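Student: Below is the structure, and that's it, no one-letter string:
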């Protein structure tokens, strides 16, 4: 797997992280206070884009630190599995604080369908890490792409919610 792919994904993730403030301003330009779902989306956007940026750079950093190439991808994937597990726990805590009674049907569907999908990805990452599934490099790149996709989805949804309600 070429490093350019991971570096490109990391760059896109950093750009999405930088646009978090823009999303926040555009979403709340009508002077209304942010809902619990608005806060959830912005926190998720920031969290997922930072994970994608970090994960995109991790193999290069480990290689620069003279990490053995044979274990480079498995070590990188192990770190991402731990970060993903922590992210899932943190996201679950934020989901528990959401006010579902005030949320629209689409917002509720996004939250309730997205969390099990994330757990499925975490299970697949873990299976690859332990060698139960093959191709660690592909799984690692797919993991970075997964967090990048989540970031882009949160970014888009935040903009759409803000424009719809203004």
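Tutor: That came through fine. Being a predicted model, the structure only gives us computed values, none of them experimental. Numbers count the residues shown, from 1 in each chain.

Student: mind listing what's buried in stretch 5-13?
Tutor: Taking 16 or more other CB atoms under 10 Å as the basis for neighbour counts, the residues of stretch 5-13 that come out buried are 6, 9-10, 12-13. For every residue, glycine as well, the C-beta is placed using N, CA and C.

Student: surely residue 9 meets residue 49?
Tutor: No: the pair residue 9 / residue 49 is not scored as a contact, 10.6 Å apart, by CB atoms under 8 Å.

Student: Between those two, which contacts overlap?
Tutor: Listed as contacting both residue 9 and residue 49 by CB atoms under 8 Å, 6 or more residues apart in numbering are residue 148.

Student: And the helices in the chain?
Tutor: Listed in chain order, the helices of the chain (DSSP state H) span residues 3-18, 20-27, 36-64, 69-96, 105-129, 136-165.

Student: What residues sit buried inside the fifth one?
Tutor: Judged by neighbour count using 16+ other CB under 10 Å, the buried positions of helix 105-129 are 107, 110-111, 114, 118, 121-122, 124-126, 128-129.

Student: swap in the longest one?
Tutor: For helix 136-165, a neighbour-count test (16+ other CB under 10 Å) marks 136, 139-141, 143-148, 150-155, 157-159, 161-162 as buried.

Student: Just give me the residue closest to the centre of the chain.
Tutor: Centroid check for the chain by CA atoms, centre = their mean gives residue 48 as the closest residue, at 2.6 Å.

Student: Look at it and report its pLDDT.
Tutor: As summarised for this prediction, residue 48 has a pLDDT of 91.

Student: Please report how far it lies from residue 145.
Tutor: Counting by CB to CB, to the nearest Å, the gap between residue 48 and residue 145 amounts to 12 Å.

Student: Okay then, goodbye and thanks.
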